[in-house]
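**Student:** Below is the structure, and that's it, no one-letter string:
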């Protein structure tokens with residue numbers, strides 16, 4: 001008698017669709033994997049996220065594309081570029097003339113922030129104090145004081161963006177509400193940028209979440225166990241972070257559980273593994289320069305295998321950047337012999353890192369983290385790149 005395969009649950013279907021959406025976003029936005037994952041975690045955990053980086057790094061585009069794919073595009077998304085001259089009417093809507101006639105000072109919120117589920121606040125830290133006070137209440141409590149009425153907002157997540165860190169201490173409270181923070185640099189990989197240029201930019205998404213998927217995923221997040229073992233690991237991380245001199249609010253540590261649970265779901269699981277705690281490296285920094293140190297501290301406390309894998313992955317990327325460009329051969333700047341020698345040197349370094357990674361994979365066994373898998377993928381991609389270049393050099397007849 002043939003044994004029937006169990007039918008996937010609605011939550012599992014939603015989770016599978018989420019991972020397809022995430023893959024498409026990563027394919028369309030190279031070198032933005034951590035940002036994509038962070039936006040997904042923010043959506044599933046109902047938390048807020050801020051993107052920092054220079055102009056022209058597609059911060060606005062990735063947020064709009066993500067919001068349409070995850071939340072839909074029917075009146076759910078509101079976007080505004082803030083300056084010190086931004087007025088409350090631009091954010092919350094014009095004052096209602098009908099209300100004024102009836103001695104009520106109220107905003108007509110149609111098509112403005114109070115009606116949307118997702119806010120994208122570009123250059124948010126440049127807003128003036130009257131805007132910031134209202135934003136702080138909205139972001140923290142999901143409430144909007146519209147005249148005499150206290151309105152419960154449909155707001156689910158706020159994505160901020162800024163070219164610089166907040167400079168005024170008065171902005172600390174607002175900054176602290178963004179539980180996830182990412183630095184978005186220019187694209188560093190030549191081939192990735194070339195692909196974008198040839199494609200004429202970012203191509204449209206072909207898969208979006210369906211109605212009900214977010215609810216299913218959030219129920220799954222809430223059901224992910226976070227027991228005494230996970231609490232113990234979190235407290236170990238807290239102690240290690242504080243020992244390095246980082247000051248983190250109690251609010252952030254309490255809310256961290258939601259981030260860790262959501263991170264597990266975005267990676268296709270319904271349980272937490274040690275590498276899920278690494279999402280905190282994107283939550284606890286004040287400036288992006290602190291992230292690498294935090295990642296090392298958190299990795300050593302919660303995910304020692306993953307921490308070692310990240311070091312190997314960094315070494316792979318460093319070695320791969322030493323690979324010469326084929327144009328050096330085609331333009332007669334290097335001979336075939338010299339190019340072959342340079343490629344062999346990079347190949348030797350990568351093979352040595354392969355040995356280290358195999359040892360780590362053997363030690364980790366069933367406790368292998370996502371980072372080990374990412375390191376393996378990065379290494380295989382680099383090795384394929386070396387083999388591809390070596391073959392082109394052999395076949396070159398210039």
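**Tutor:** In hand now; what should we look at? Note that this is a predicted model, so its numbers are computed, not measured. Numbers count the residues shown, from 1 in each chain.
**Student:** Scan this structure for its longest helix.
**Tutor:** Ranked by residue count, the top helix of the chain under DSSP state H comes out as helix 336-364.
**Student:** Need the mean per-residue confidence for the helix or strand that it is followed by.
**Tutor:** As assigned by DSSP states H and E, the chain's next helix or strand after helix 336-364 is helix 370-395. For helix 370-395, mean pLDDT is 90.
**Student:** just checking, what packs against helix 370-395?
**Tutor:** Counting contacts by 3 or more C-beta pairs under 8 Å, 6 or more residues apart in numbering; DSSP states H and E, helix 370-395 packs against helix 304-321, helix 336-364. No exception for glycine: its C-beta is placed from N, CA and C like everyone else's.
**Student:** Now the first one: buried residues?
**Tutor:** Within helix 304-321, the residues that count as buried by 16 or more other C-beta atoms under 10 Å are 304-313, 315-316, 319-320.
**Student:** ditto for the longest one
**Tutor:** Neighbour counts using 16+ other C-beta under 10 Å place 339-340, 342-343, 346-347, 349-350, 353-354, 356-357, 360-361, 364 of helix 336-364 among the buried residues.
**Student:** show me the contacts for residue 237.
**Tutor:** 277, 280, 297-298, 301-302 (C-beta atoms under 8 Å, 6 or more residues apart in numbering).
**Student:** So which of those residues wins on neighbours?
**Tutor:** Greatest neighbour count in the contacts of residue 237, by other C-beta atoms under 10 Å, goes to residue 280: 28 neighbours.
**Student:** what's the spacing between residue 325 and residue 349?
**Tutor:** 18 Å (C-beta to C-beta, to the nearest Å).
**Student:** Residue 62 belongs to a helix?
**Tutor:** Yes: using DSSP: H, G, I helix; E, B strand; the rest coil, the assignment for residue 62 is a helix.
**Student:** Please look at it and residue 35 and confirm they touch.
**Tutor:** Yes: contact criterion C-beta atoms under 8 Å: residue 62 and residue 35 qualify, at 6.5 Å.
**Student:** So which of the two has more stuff around it?
**Tutor:** Between residue 62 and residue 35, counting by other C-beta under 10 Å, residue 35 is the more crowded of the two (26 against 22).
**Student:** any idea how far residue 49 is from that one?
**Tutor:** For residue 35, the distance to residue 49 (C-beta to C-beta) stands at 9 Å.
**Student:** overlap in contacts of these two?
**Tutor:** Counting by C-beta under 8 Å, 6+ apart, the contacts common to residue 35 and residue 49 are residue 182.
**Student:** ok so, going back, any idea which of the buried residues of helix 304-321 is closest to residue 80?
**Tutor:** Nearest to residue 80 among those: residue 310, at 36.6 Å, using C-beta to C-beta.
**Student:** Which pLDDT value belongs to that closest one?
**Tutor:** For residue 310, the predicted pLDDT is 80.
**Student:** got the contact list for it?
**Tutor:** Residue 310 is in contact with 295, 299, 371, 375, counting by C-beta under 8 Å, 6+ apart.
**Student:** C-terminal to the helix or strand bottoming out on mean pLDDT in the chain, what's the next element?
**Tutor:** Every helix and strand of the chain was ranked by mean pLDDT, DSSP states H and E. The lowest is helix 97-101, at a mean of 69. Using DSSP H and E, the next helix or strand after helix 97-101 towards the C-terminus is strand 118-122.
**Student:** List the neighbouring strands of that following strand plus their orientation.
**Tutor:** Counting by DSSP bridges, the strands paired with strand 118-122 are strand 77-81 (parallel), strand 157-162 (parallel).
**Student:** possible to save the ones you listed as TSV with mean pLDDT?
**Tutor:** Below are the strands paired with strand 118-122 laid out as TSV (pLDDT from 0 to 100):
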stretch	mean pLDDT
strand 77-81	95
strand 157-162	96
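**Student:** any chance of those in TSV, plus mean neighbour count?
**Tutor:** Output for the strands paired with strand 118-122, formatted as TSV (neighbours: other C-beta atoms under 10 Å):
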stretch	mean neighbour count
strand 77-81	18
strand 157-162	24
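**Student:** To residue 238, which of those strands lies closest?
**Tutor:** Ranking the strands paired with strand 118-122 by proximity to residue 238 (C-beta to C-beta) places strand 157-162 first, at 24.9 Å.
**Student:** Does residue 298 touch residue 282 like I think?
**Tutor:** No: assessed by C-beta under 8 Å, residue 298 is found out of contact with residue 282, at 10.2 Å.
**Student:** per-domain residue ranges of this structure.
**Tutor:** 10-219, 224-248+268-302, 303-398 (automatic domain parsing).
**Student:** that older thread, give me the angle between the longest helix of the chain and helix 304-321.
**Tutor:** Interaxial angle of helix 336-364 relative to helix 304-321 (axes from the mean of the first three to the mean of the last three C-alpha atoms, to 10 degrees): 170 degrees.
**Student:** For helix 336-364, enumerate the helices and strands it packs against.
**Tutor:** Under the contact criterion of 3+ C-beta pairs under 8 Å, 6+ apart, helix 336-364 touches helix 304-321, helix 327-330, helix 370-395.
**Student:** relative to helix 370-395, how tilted is the first one?
**Tutor:** Helix 304-321 and helix 370-395 meet at an angle of 20 degrees, taking the same axes, to 10 degrees as the criterion.
**Student:** what's the spacing between helix 304-321 and its chain's center?
**Tutor:** 19 Å (C-alpha atoms, centre = their mean, to the nearest Å).
**Student:** and what of stretch 119-138?
**Tutor:** With C-alpha atoms, centre = their mean, you get 22 Å for stretch 119-138.
**Student:** Any buried residues in that stretch, and which?
**Tutor:** Result for stretch 119-138 [16+ other C-beta under 10 Å]: buried residues 119-127, 131-132, 134-135, 138.
**Student:** sorry, back to before: can I get the contacts of residue 237 in a markdown table with distance to residue 261?
**Tutor:** Output for the contacts of residue 237, formatted as a markdown table (distance: C-beta to C-beta, whole Å):
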| residue | distance to residue 261 |
| --- | --- |
| 277 | 11 |
| 280 | 12 |
| 297 | 21 |
| 298 | 16 |
| 301 | 19 |
| 302 | 14 |
